[in-house]
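Chemist: Here you go, sequence then predicted model.
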Amino acid sequence: MARSQKFALVNYDGGLSSHPKPAESGDFEVESDATWSVSFKGSFKSSHGSLASWAISQTATSDNSCRVTMQSEDGSQTAAFELPSTSVEELQEALDEQQPKVDASRAKEEQILAGQWWLDSSIFKGLGFTGQWTASETTYHGGFSDEPKSHAGCILKIDKSGVSLSKFRTIFSIPWSDITDLEVEGPDQVSKRFTATRLALLGPLGLAFKKSKKSTVIQVSTKSGDLAVFVTEKYVVHEVRPKLQAIINKIRQGGLPVASALLSPVEPVPATPPVSAADEIAKLVALRDSGAITDEEFTAYKGRLLS
């Protein structure tokens, strides 16, 4: 099992930006979590870094001492010091013990850079100490093809695995690899943006949003074109959006193609003609005549279009 090992150092040259002044003595530690730390006598501050993002080399100055040079991955920092009672072999042995964790860390970083951003735990810091956000009193209004049936009184959870809905058991989960967008809005905003096309795909549930001031609508778009719609009566938008903003930004920065025809484009697309209220009402008439929505639902939605 890898362990932390501490080595006395001398003649530090001041190359670390976190400790830019030279120091005569201190300690260099190779820690068990594949990180390093440097502390200096007479100072309360210590410097830290990941072994995966720093190049560390050592040159023998005698049989039992060596000079260490450290350089950050971006080349912006280079620091050097001596270990007067540590041989090159002893230091290398300590570094080798951490190599499996270093390799795992670098592999994970490559996956993150390749687009698997959800593997970066720092993205979920805004969700709280547990790295997840949950909302009870959530109603699922449909839209996800794997679970077309609505569910009330559920718990919505967003964490490093994705978005999931549960009630005594997990009803369904959508992994981040399948998610192309995440929208957080109030019910009024959603009502104004819901077109008859959205309504047709969601069914009558599309008209079921409560006009509660203390509620938030969360919409999850997937690669297959689904739009899962959740409404929580526990939080208002300004309580939810800040917690999820880092995740929303990361999804949209990823450049994943948004297959859903339900999504409003981030920027207007000149080639797409605007949909008129008359066109939307015509679609509603077709939905009513086919029995997909009731007369009451037709009247309610038509009123929104004309307001």
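Modeler: Happy to help now that I have it.

Chemist: List the contacts of the residue nearest to Leu165 when sequence neighbours are not counted.
Modeler: Counting by C-beta to C-beta, 6 or more residues apart in numbering, Ile171 is the residue found nearest to Leu165 once chain neighbours are left out, at 4.6 Å. Every C-beta, even on glycine, is put in place using the N, C-alpha and C of the backbone. With contacts defined as C-beta atoms under 8 Å, 6 or more residues apart in numbering, Ile171 is in contact with Tyr140, Glu147, His151, Cys154, Ser164, Leu165.

Chemist: Quickly check these for the two that are furthest apart.
Modeler: Farthest apart among the contacts of Ile171 by C-beta to C-beta are His151 and Ser164. That separation is 12.2 Å.

Chemist: Ala52 belongs to a helix, doesn't it?
Modeler: Yes: applying DSSP: H, G, I helix; E, B strand; the rest coil, one finds Ala52 inside a helix.

Chemist: okay but it is in contact with Glu109, surely?
Modeler: Yes: using C-beta atoms under 8 Å, Ala52 makes contact with Glu109 at a distance of 7.1 Å.

Chemist: Of these two, give the one with the bigger neighbour count.
Modeler: Ala52 (19 against 16; other C-beta atoms under 10 Å).

Chemist: quick one: contacts for the more buried one?
Modeler: So Ala52 contacts Ala34, Val102, Ser105, Arg106, Glu109 (C-beta under 8 Å, 6+ apart).

Chemist: and the nearest residue to the first one once chain neighbours are set aside, how many neighbours does it have?
Modeler: Closest residue to Ala34 apart from its sequence neighbours, by C-beta to C-beta, 6+ apart: Lys101 at 3.7 Å. A count of nearby residues for Lys101, using other C-beta under 10 Å, gives 17.

Chemist: what comes up buried for the helix or strand where Lys101 lies?
Modeler: Using DSSP states H and E, Lys101 sits within helix 88-113. Neighbour counts over helix 88-113 (16 or more other C-beta atoms under 10 Å) mark Val88, Leu91, Ala94, Leu95, Glu97, Gln98, Lys101, Val102, Ser105, Glu109, Ile112 as buried.

Chemist: Next one: the fifth one relative to Thr35, how far apart?
Modeler: Going back to what we said before, that points to Glu97. Plainly put, Glu97 is 13 Å away from Thr35 if you go by C-beta to C-beta, to the nearest Å.

Chemist: Check the fourth one too.
Modeler: As judged by C-beta to C-beta, Leu95 and Thr35 stand 12 Å apart.

Chemist: which residues are in contact with both of these two?
Modeler: Between them, Leu95 and Thr35 share the contacting residues Leu51, judged by C-beta under 8 Å, 6+ apart.

Chemist: re the thing from before, what's the next secondary structure element after the helix or strand the residue nearest to Leu165 falls within?
Modeler: Ile171 is located in strand 170-175, with elements delineated by DSSP H and E. The helix or strand immediately downstream of strand 170-175 is strand 179-185, counting by DSSP H and E.

Chemist: From the contact counts, what lies against that following strand?
Modeler: strand 162-166, strand 216-222, helix 237-253 (3 or more C-beta pairs under 8 Å, 6 or more residues apart in numbering; DSSP states H and E).

Chemist: how about the ones you listed, which one is nearest Asp74?
Modeler: Smallest distance to Asp74 across those (C-beta to C-beta): 20.4 Å, for helix 237-253.

Chemist: Can you check what angle separates the closest one from helix 88-113?
Modeler: On the basis of axes from the mean of the first three to the mean of the last three C-alpha atoms, to 10 degrees, helix 237-253 is oriented at 100 degrees to helix 88-113.

Chemist: can you list the residues that contact helix 237-253?
Modeler: The contact list for helix 237-253, computed with C-beta under 8 Å, 6+ apart, reads 117-118, 123-128, 133, 135, 158, 176, 179-186, 216, 218, 232, 266.

Chemist: pLDDT on it, on average?
Modeler: Average pLDDT, helix 237-253: 92.
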